[in-house]
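Asker: A structural model of the following input is requested.
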Amino acid sequence: MARFAAVFVFVLVTLFTLEMLVPVQQSVILPFTELLAQVSAALVTPFDESVHAYGKVLQFTDSGFAVSIEAGCNGVEATIVLVAAVLAFPASWKHRVTAIVAGFFAIQGLNIVRIISLFYLGDWNREIFGWVHLYLWPTLIMLDVLIVFILYLRFLARNHPAQIAAHAR
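Answerer: Sure thing, here's the model as predicted:
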């Protein structure tokens, strides 16, 4: 358990530090966040032509209401927590990479639902938007991370019990 905690904290601090670097922000995080806005708009546009995205902003052309996808709202931090947990737990690299890729898509899939729901909620009622944005969705996103990690642990325990037992000692 101490090894898990030490590796988890080390990976977490390292990845959060890397994420904060200006070159990483400019070349990875911002383009990724802009992609989230584009994907969100593409999913909504067939049903609502008044929605468009530019940069990291999703906006209604009729009402003018817009949301900007900022740090903490792009799912990167949640993904970092999952990556740190997966890397800290002893398993084969094949299983780790598979868990990270699957977890990334699970987190980002839910995050796109989050972005779209908050976009419509904010246009409808800003007071409720504020509460849901600050309290409900962050909890649900981190719960998603926890569920993905638990499913990964269950998979390992079911399919590789000897490997898990060897590392439990």
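Asker: contacts and neighbour counts: CA atoms only from here.
Answerer: OK.
Asker: The protein: helices as residue ranges?
Answerer: 2-20, 22-24, 30-44, 76-88, 93-124, 126-131, 137-159, 161-168 (DSSP state H).
Asker: What angle do helix 93-124 and the third one make with each other?
Answerer: The reference is to helix 30-44. 60 degrees (axes from the mean of the first three to the mean of the last three C-alpha atoms, to 10 degrees).
Asker: for helix 30-44, the distance to its chain's centre please.
Answerer: 14 Å (C-alpha atoms, centre = their mean, to the nearest Å).
Asker: who's in contact with residue 73?
Answerer: By C-alpha atoms under 8 Å, 6 or more residues apart in numbering, the residues touching residue 73 are 111, 115.
Asker: if I look at it, how far off is residue 116?
Answerer: The gap separating residue 73 from residue 116 is 12 Å, by C-alpha to C-alpha, to the nearest Å.
Asker: Kindly report the same for residue 148.
Answerer: 22 Å.
Asker: who's more crowded, these two?
Answerer: More crowded of residue 148 and residue 116, by other C-alpha atoms under 10 Å: residue 148, with 21 against 18.
Asker: So which of the helices of the chain is nearest residue 53?
Answerer: helix 30-44 (5.7 Å; C-alpha to C-alpha).
Asker: which outside residues touch the closest one?
Answerer: Contacts for helix 30-44 (C-alpha under 8 Å, 6+ apart): 51-58, 69-70, 74, 112, 115-116.
Asker: Can you pull out the low-pLDDT segments for this structure?
Answerer: For the chain, the stretches flagged by pLDDT under 70 are 162-169.
Asker: The most centrally placed residue in it: what's it in contact with?
Answerer: The residue lying closest to the centre of the chain (C-alpha atoms, centre = their mean) is residue 75, at 2.7 Å. Residue 75 makes contacts with 107-108, 111, 141, as judged by C-alpha under 8 Å, 6+ apart.
Asker: Also residue 89?
Answerer: residue 4.
Asker: Backbone dihedrals for it, both of them.
Answerer: Backbone geometry at residue 89, expressed as degrees, to the nearest 10, gives phi -90, psi 130.
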